[in-house]
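Student: turn this into a structure:
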Amino acid sequence: MSHFDSGEAEYPKYLSVAEDLASRIRAGEWSHGKVPTVRDIASRYEVSSFTASRALQTLRDRGLVVTRNRSGSYIANEAQPPGAPTHSWVVVTRVSPGPWQSASEAVVKVGFERLTNEGTFHFQPLIFALGTPPSDIERAAFALADEGANGVFFLPSRISEELRQQDEWFLAGCRKARLPVVLIDRNLRGEGRPLEYDLVASDHFEGGLRCTEHLLELGRQRVACIVASPTSTHSDRLAGYLFALQQSGPRREPCVIRVPENLDARETYPWIAEQLIGMEADGAICYQDYVAVGVILELFRRGRNVPRDVAVIGCDDLPIGQSFGLGVTTYSYPSDAIARGAVQRMRHRMARPDDLPAKLLFPGQLIVRDSTVG
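Tutor: Reported below is the predicted structural model:
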């Protein structure tokens, strides 16, 4: 039995257990790789199984421990089978510029950062001026290969046709450099665009469905779905919204707000608020949390109360949704599941390069806060 001092009473016990386990891992106590089970941890530290499980999850979140199905938990650098190759991956994110660009990128990156047992991940900005020659953009892919990259995880741009063309040139460079590519969260920009690469994404259909059902269950009568660009994330969410309306009864009229692409953020939020008021909507599903916050502020400026007059939902569970004075209900981005699925798909693609591209979807979670329930 371990003589374990949990410290101050207000310090969560599971964190104290996690700290002690982390110290033992760094000291090499389990040099063979496998760490104690939840039951063993609970017995060793005289805590509940729930506390032991949270401590083990904390170690996973820190990248110290990984879990293999039906096998147990292992020290991260011991989790790979003997002789397994170590890969160098590049994660390229083409996120919309703006004040919350870094937060949006972080949501995508965090899942990969935790996969320390799957290789080394490099996060690469990809910014080209408009008018950059295709050869220069293709050359960027060759540079990644020259630096030892084994594959590219790529979040395409949704902003404009010019940036979509840049994405095409970069991916053409990846093909020429023999770098396998797995798309993250959305397909290349375009309505009904066929899938040319493996895609691992949040289940945006499920997100649109769950958000709409939540608002309808609250008694909202005119729920609007806001979309901005011709990408799979927006079209899938819209499809989930329309399906939920159809399931709720024949009298539900869709209220779809399509944001003009020539508007910047300062123009977008007032424009959306005016559209919601004009159509007398009492519920709104926004395509990201920062959009939801901007729309909420504009509704307040126009004398509308949130959520009494209009209930508003965002997407991705960005920090702004939790730090804003009025907590934003949101559909979370399953970053860990997407990262794990993307790596698995990448390994499959490397082993079987001629297979047809596949689309893997992982559900997020509806997180209910003040912007819908007050």
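Student: only C-alpha atoms for contact and neighbour calcs from this point on.
Tutor: Will do.
Student: which stretches in the stretch 51-200 of the chain count as helices?
Tutor: 101-113, 134-146, 161-176 (DSSP state H, counting those that start in this stretch).
Student: could you give the average pLDDT over the first one?
Tutor: Throughout helix 101-113, pLDDT has a mean value of 83.
Student: please name every helix or strand in contact with it.
Tutor: strand 120-124, helix 335-351 (3 or more C-alpha pairs under 8 Å, 6 or more residues apart in numbering; DSSP states H and E).
Student: which residue is nearest the centroid of this protein?
Tutor: In the chain, the centroid-proximal residue (C-alpha atoms, centre = their mean) is Tyr333; its distance is 3.5 Å.
Student: ok, now which ones touch that residue?
Tutor: When contacts are counted by C-alpha atoms under 8 Å, 6 or more residues apart in numbering, Tyr333 touches 107, 202, 315-317, 364-365.
Student: how about 7 Å then?
Tutor: Going by C-alpha atoms under 7 Å, 6 or more residues apart in numbering, Tyr333 touches 202, 316-317, 364.
Student: likewise Ala141?
Tutor: Each residue near Ala141 by C-alpha under 7 Å, 6+ apart is listed here: 170, 173-174, 177.
Student: repeat that for Ser73.
Tutor: 34-35, 65-67.
Student: one more time with 6 Å, if that's ok
Tutor: Neighbour list for Ser73: 34-35, 66-67 [criterion: C-alpha atoms under 6 Å, 6 or more residues apart in numbering].
Student: on that earlier part again, in a markdown table, list the helices of the stretch 51-200 of the chain along with distance to Pro357.
Tutor: A markdown table is the format used below for the helices of the stretch 51-200 of the chain (distance: least, C-alpha to C-alpha, whole Å):
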| stretch | distance to Pro357 |
| --- | --- |
| helix 101-113 | 21 |
| helix 134-146 | 20 |
| helix 161-176 | 14 |
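Student: out of these, which comes closest to Ala337?
Tutor: Taking C-alpha to C-alpha, helix 101-113 is the member of the helices of the stretch 51-200 of the chain nearest to Ala337, at 7.4 Å.
Student: identify the residues contacting the closest one?
Tutor: For helix 101-113, the external contacting residues (C-alpha under 6 Å, 6+ apart) are 335-336, 339.
Student: and it, what's buried?
Tutor: Neighbour-count burial for helix 101-113, counted by 16 or more other C-alpha atoms under 10 Å, picks out 104-105, 107-109, 111-113.
Student: stretch 127-142 now?
Tutor: For stretch 127-142, by 16+ other C-alpha under 10 Å, it's 134, 137-142.
Student: need the max-distance pair from those residues.
Tutor: Distance extremes for those: the farthest pair is Pro134 and Phe142 at 12.8 Å, using C-alpha to C-alpha.
Student: where along this structure do the strands fall?
Tutor: Assigned by DSSP state E, the chain shows strands spanning 65-68, 72-75, 88-93, 120-124, 151-155, 181-184, 198-202, 223-227, 255-258, 283-285, 311-316, 329-332, 359-362, 366-367.
Student: JSON lines for these, including mean pLDDT?
Tutor: JSON lines is the format used below for the strands of the chain (pLDDT from 0 to 100):
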{"stretch": "strand 65-68", "mean pLDDT": "72"}
{"stretch": "strand 72-75", "mean pLDDT": "75"}
{"stretch": "strand 88-93", "mean pLDDT": "92"}
{"stretch": "strand 120-124", "mean pLDDT": "87"}
{"stretch": "strand 151-155", "mean pLDDT": "96"}
{"stretch": "strand 181-184", "mean pLDDT": "97"}
{"stretch": "strand 198-202", "mean pLDDT": "97"}
{"stretch": "strand 223-227", "mean pLDDT": "97"}
{"stretch": "strand 255-258", "mean pLDDT": "97"}
{"stretch": "strand 283-285", "mean pLDDT": "98"}
{"stretch": "strand 311-316", "mean pLDDT": "97"}
{"stretch": "strand 329-332", "mean pLDDT": "96"}
{"stretch": "strand 359-362", "mean pLDDT": "96"}
{"stretch": "strand 366-367", "mean pLDDT": "96"}
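Student: between those strands, which one is nearest to Trp271?
Tutor: strand 255-258 (10.1 Å).
Student: in that closest one, what counts as buried?
Tutor: Residues of strand 255-258 classed as buried by neighbour count (16+ other C-alpha under 10 Å): 255-257.
Student: check stretch 28-38 too.
Tutor: Neighbour-count burial for stretch 28-38 [16+ other C-alpha under 10 Å]: 33-35, 37-38.
Student: quick check: can you list the domain ranges of the protein?
Tutor: With domains defined by automatic domain parsing, the chain comprises 13-78, 88-203+335-362, 204-333+366-373.
Student: pick out the shakiest of these, pLDDT-wise.
Tutor: domain 13-78 (a mean of 78).
Student: about what we covered before: and the helices and strands packed on helix 101-113, which is most packed in?
Tutor: Burial of those is given as mean neighbour count (mean count of other C-alpha atoms under 10 Å); helix 335-351 ranks first at a mean of 19.
Student: quick revisit: Asp61: which of the contacts of helix 101-113 is nearest?
Tutor: Closest to Asp61 out of the contacts of helix 101-113 is Asp336 (9.5 Å), distances taken as C-alpha to C-alpha.
Student: Phe112 versus that closest one, what's the distance?
Tutor: To Phe112, Asp336 is 7 Å away according to C-alpha to C-alpha, to the nearest Å.
Student: and for the residue nearest to Arg222 when sequence neighbours are not counted, the neighbour number?
Tutor: Nearest non-adjacent residue to Arg222, counting by C-alpha to C-alpha, 6 or more residues apart in numbering: Ala281, 4.8 Å away. Look at Ala281: counted by other C-alpha atoms under 10 Å, it has 19 neighbours.
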